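> turn this into a structure:
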Amino acid sequence: MRRIKIAQFGLGPIGKESLRLAAERADLEVIGAVEIDPALAGRPAAEALGCPLPAGARIHPTFAALTAHAGLPDVLLHTAGSDATRSFAQVLPALEAGVSVASTCEELIFPRLLAPERTEEIDALCRRTGARLVGTGVNPGFVMDVLPLCLTGVCREVSAVYVERVVDARTRRQPLQAKIGSGQDPAEFRARFAAGTAGHAGFRQSVALLAHGLGWRLDEIRETCEPVVAESRVVTAHFDVAPGRTLGLHQRCVGLAGGETRIRLDLQMYLGAPLPHDAIVIHGRPGLNVHLQGGVAGDDATVAALLNVIPSLLAAAPGVRLLTELPLTVCRNAGATAPLP
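Numbering: from 1, shown residues only. Just a heads-up that it's a prediction; the model follows:
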């Protein structure tokens with residue numbers, strides 16, 4: 001069977017780790033990467049990342065430069081932002097060339113929510129060229145949207161979905177610790193959240209995906225966020241947070257219909273958060289209450305979700321796709337083909 005050719009767009013922490021994981025996958029062939037950082041552009045990917053990638057896989061400043069050197073990949077892995085419109089622009093050359101794209105951009109989990117017209121334009125382009133585009137990840141992309149939807153598959157009826165996620169952000173990468181406001185003045189964090197430059201991205205998209213999957217028409221989506229303030233000093237590998245400064249956030253998002261809360265998502269993500277977990281409550285027949293002790297490890301799982309979705313993406317019809325429209329995504333590492341005992 002021919003190996004799937006992949007290229008990576010963006011070499012931040014998630015992008016680098018996706019290539020390291022791809023190097024372990026026998027079904028994937030890394031042909032190169034795109035990264036605007038001049039310190040990386042032009043270098044062999046194996047040298048820059050310290051992992052066994054093909055000698056011809058190099059880092060290029062643009063997608064055009066990548067394809068001129070290595071040809072077209074089957075799939076471009078995009079890990080370079082949270083904004084749907086900006087991400088559309090970044091992956092446009094790939095889609096125009098008929099290359100499918102899997103992205104960790106949070107707003108691409110349900111892009112029609114904030115960019116409906118541009119989504120329709122990109123969808124039409126993909127249908128013409130045979131490309132596919134999907135947003136994936138852990139949150140959004142699994143814990144607070146896709147997983148609850150999967151659980152409802154054994155229900156006769158569902159009246160409400162509640163999800164709580166508690167994350168000790170000390171275990172997460174530096175960009176995320178910064179995005180949740182670590183070390184900032186609480187007033188500054190509130191102002192940045194109001195301006196859209198801080199906080200967890202993709203919350204509204206998770207609510208929209210849940211409602212879409214359940215066939216619910218929501219009247220309103222409301223989102224709030226408050227800083228979690230340190231009572232004592234907290235030190236991580238990236239931040240030294242004094243008492244009175246921000247440790248992270250407590251963010252909530254609800255979907256309302258007929259004056260009632262049908263969907264409620266609650267995220268507590270801060271440095272030192274006790275008892276990390278993911279909890280899903282389905283109000284229905286039967287009702288379900290699922291607790292994942294320790295929670296899903298965000299960074300590792302995001303990379304896994306990005307690579308695991310590739311076969312499902314390639315099996316889907318061309319267009320801008322939702323995760324709920326793809327075949328079931330599972331882990332297909334080498335051990336998965338071992339005979340059963």
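
> quick one: the closest residue to Leu256 other than its chain neighbours from Ala195, how far?
Among residues not flanking Leu256 along the chain, Glu220 sits closest, at 4.6 Å (Cβ to Cβ, 6 or more residues apart in numbering). Quick note: C-beta positions are derived from backbone N, CA and C, even for glycine. With distances taken as Cβ to Cβ, to the nearest Å, Glu220 is found 22 Å from Ala195.

> likewise for Thr85?
Following Cβ to Cβ, the distance that separates Thr85 from Ala195 is 17 Å.

> between those two, who's got more neighbours?
Between Thr85 and Ala195, Thr85 has the larger neighbour count (other Cβ atoms under 10 Å), namely 15 against 9.

> which element, helix or strand, includes the more buried one?
Per DSSP states H and E, Thr85 falls inside helix 84-96.

> rounded mean pLDDT for that helix, please.
Average pLDDT, helix 84-96: 98.

> who are the packing partners of the following helix or strand past that helix?
Counting by DSSP H and E, the next helix or strand C-terminal to helix 84-96 is strand 100-103. Packing partners of strand 100-103 (3 or more Cβ pairs under 8 Å, 6 or more residues apart in numbering; DSSP states H and E): strand 75-78, helix 84-96, strand 132-135, helix 298-315.

> nearest to His291, of those?
Within those, the stretch nearest His291 is helix 298-315; the backing value is 17.1 Å (Cβ to Cβ).

> that older thread, chain center to the helix holding Thr85, what's the gap?
With Cα atoms, centre = their mean, to the nearest Å as the basis, helix 84-96 stands 16 Å off its chain's centre.

> what residues does it touch?
9, 62-64, 76, 78, 80-81, 101, 103, 105, 107-108, 111, 114-115, 118-119, 122, 125-126, 129, 131, 133 (Cβ atoms under 8 Å, 6 or more residues apart in numbering).

> make a PyMOL selection of the buried ones in these.
In PyMOL syntax, the buried subset of those is picked out as below (16 or more other Cβ atoms under 10 Å):
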select buried, resi 9+63+76+78+80+81+101+103+105+107+108+111+115+118+119+122+125+126+129+131+133
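
> SS state for Leu249?
strand (DSSP: H, G, I helix; E, B strand; the rest coil).

> what about the closest residue to it other than its chain neighbours, distance to Val161?
Residue nearest to Leu249 in three dimensions, not counting chain neighbours: Ile180, with 5.0 Å by Cβ to Cβ, 6+ apart. Going from Ile180 to Val161 by Cβ to Cβ gives 24 Å.

> same question, Arg2
41 Å.

> who's more crowded, these two?
Val161 (29 against 7).

> isn't the more buried one right up against Arg262?
Yes - assessed by Cβ atoms under 8 Å, Val161 is found in contact with Arg262 at 7.2 Å.

> okay, Ala336: pLDDT?
48.

> same question but for Ala115, I mixed them up
Per the predicted model, pLDDT is 97 at Ala115.

> that one contacts Cys105, correct?
No - contact criterion Cβ under 8 Å: Ala115 and Cys105 do not qualify, at 11.0 Å.

> quick check: pLDDT value at Leu218.
Reading off the model, Leu218 has pLDDT 98.

> so how far is Arg127 from Leu53?
From Leu53 to Arg127 the distance is 33 Å (Cβ to Cβ).

> more crowded one of these two?
Neighbour count, other Cβ under 10 Å: between Leu53 and Arg127, Leu53 has more, with 23 against 14.
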